[in-house]
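**Q** here you go, sequence then predicted model.
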Amino acid sequence: MDFKLTEEQEVLRKMVKDFAEKELKPNAARIDKSHEFPVDNVKKAAELGLMGVAVPEQWGGAGMDYVSYAIAIEEVSRACATTGVILSVNNSLVCDPLKTFGNDMQKEKFLIPLASGRKIGCFGLTEPNAGTDAANQSTTAVRKGDEYIINGTKNFITNGSVADTAIFFAITDRSKGSKGISCFAIEKGTPGFRAGKEEDKLGICASACSELVFENVRIPAANRIGAEGEGFKIAMYTLDGGRIGIAAQAVGIARAAEEEAVAYSKQRVQFGQPISSFQGIQWMLAEMHLKLEAARLLTFNAAWARQHKDRCSVESAMAKLFAAEAATKITHDAIQIHGGYGYVKEYPVERFYRDARITEIYEGTNEVQKMVIASSLLK
Ligand code: CAA
């Protein structure tokens, strides 16, 4: 077993770290406050190949592996967690299913512009009554000749209102339960298709998060990804990859919080000495670091499994669950170490705390990850 990153991965880490420090970090607090979608961040990230890290170059991507993808999302999220999720959704939830299940025509039409970052994508699975119970879809796709007619509403869709292309799921045969769900691609501007209500969130404030509304929308049958009825499996397979991206996002946020906590503890003087000299603070820092390292190892393990195994559901679930809980605890403790200064917006740790919280919810709550892990033990 070799824990060392390859030379290519090390070069990527340095390149993304430098980019994130220079281009993303300086604006992170501002866009958190303004809630302004960071178009420039996405454009610059696209120039570096970060919109399709693990997509072959032939299809517009950077042609790297999933560990490289996890490294990129960690580095981006350390500087700006909002940008982290925007990129993660485009990479894992949009490019990945097109790469794996799309035909060459769909790859040409949808994947190349998305992986190269000329376009941005979103993933429409969640509905008001289909959150954790993702198979309980209401959106319908009725076949009429060479078209499908779509009706329904998706909600909480990251990138929803800014996306050029959406990968979405709809029922094609209600009698078949989860095996009656199919996957489709749709482009912005299709008549009857629009973004709905935009959410005002606790954290990752500048990422767009909206409804997608379909009112008698006609799309070509050629936009169906995979076979009819294959949609639920495509969604679950896709989320196995997406959860690695969110685990990496959590690791990035946690690392930023740890770095701030260490720096602050060395410069904050109380009772005549830096607070870092107190054992109570040292133990908190040690616990933070332990959790951070374990979270990263689980994340790399899941990314490796995504690259080399047919299915990585359990590895992904463990990585996301552990990393999300770690990020919540580490950002919580980073505020504690800052005391009152940690609670005010002048210092970044309160933003990290708000940003970390969603990693326990989206792409499957902590409880969903436990369901996935437990079901693998009990089958
Ligand atoms: N890969 C391939 N197939 C899979 C699979 C996977 N990872 N997981 C399940 N399947 C297959 C199963 O094998 C089964 O097929 P068979 O009947 O042929 O064996 C079929 O799918 C149904 O599986 P389950 O019975 O396990 O399905 P379930 O209805 O009990 O659901 C669940 C299980 C784990 C709770 C699932 O519904 C789930 O993951 N829910 C959470 C949804 C989620 O993560 N949503 C996130 C939305 S996107 C988002 O958040 C983006 C964002 O904002 C950033």
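**A** Sure thing, it's come through. Numbers count the residues shown, from 1 in each chain.

**Q** only C-alpha atoms from now on, for both contacts and neighbour counts.
**A** Noted.

**Q** the helices in the stretch 1-150 of the chain, which residues?
**A** For the stretch 1-150 of the chain, the helices defined by DSSP state H, counting those that start in this stretch occupy 7-19, 25-34, 39-47, 66-79, 81-88, 96-101, 104-106, 112-115.

**Q** possible to save these as TSV with distance to the ligand and mean neighbour count?
**A** As requested, those are exported to TSV (distance: least, C-alpha to the nearest ligand atom, whole Å; neighbours: other C-alpha atoms under 10 Å):
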stretch	distance to the ligand	mean neighbour count
helix 7-19	21	16
helix 25-34	17	16
helix 39-47	16	17
helix 66-79	13	28
helix 81-88	6	28
helix 96-101	12	21
helix 104-106	21	14
helix 112-115	17	26
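
**Q** so can I have JSON lines of these showing mean pLDDT?
**A** Below are the helices of the stretch 1-150 of the chain laid out as JSON lines (pLDDT from 0 to 100):
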{"stretch": "helix 7-19", "mean pLDDT": "98"}
{"stretch": "helix 25-34", "mean pLDDT": "98"}
{"stretch": "helix 39-47", "mean pLDDT": "98"}
{"stretch": "helix 66-79", "mean pLDDT": "98"}
{"stretch": "helix 81-88", "mean pLDDT": "98"}
{"stretch": "helix 96-101", "mean pLDDT": "98"}
{"stretch": "helix 104-106", "mean pLDDT": "98"}
{"stretch": "helix 112-115", "mean pLDDT": "98"}
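
**Q** show me the contacts for G342.
**A** A334, I335, Q336, P348, V349, E350 (C-alpha atoms under 8 Å, 6 or more residues apart in numbering).

**Q** for F110, same thing?
**A** Contacts of F110 by C-alpha under 8 Å, 6+ apart are L98, T165.

**Q** first-to-last residue distance for stretch 198-205?
**A** 11 Å (C-alpha to C-alpha, to the nearest Å).

**Q** err, stretch 89-100, not the other one
**A** 16 Å.

**Q** how about the helices of the stretch 1-150 of the chain in a markdown table, adding distance to Y148?
**A** Output for those, formatted as a markdown table (distance: least, C-alpha to C-alpha, whole Å):
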| stretch | distance to Y148 |
| --- | --- |
| helix 7-19 | 41 |
| helix 25-34 | 39 |
| helix 39-47 | 32 |
| helix 66-79 | 34 |
| helix 81-88 | 29 |
| helix 96-101 | 19 |
| helix 104-106 | 16 |
| helix 112-115 | 23 |
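
**Q** how about the strands in the stretch 151-300 of the chain?
**A** 165-171, 181-187, 193-198, 209-220, 224-225, 269-270, 273-274 (DSSP state E, counting those that start in this stretch).

**Q** ranking these by burial, who's on top?
**A** Greatest average neighbour count among these goes to strand 165-171 (a mean of 26), per mean count of other C-alpha atoms under 10 Å.

**Q** what residues does this structure put near the ligand?
**A** 89, 125-126, 131-135, 157-158, 233, 236-237, 240, 313, 362-364, 368, 372 (C-alpha under 6 Å from any ligand atom).

**Q** can you rerun that using 5 Å?
**A** For the chain, the residues in contact with the ligand (C-alpha under 5 Å from any ligand atom) are T132, D133, A134, T158, K233, M236, Y237, Y362, E363, G364.
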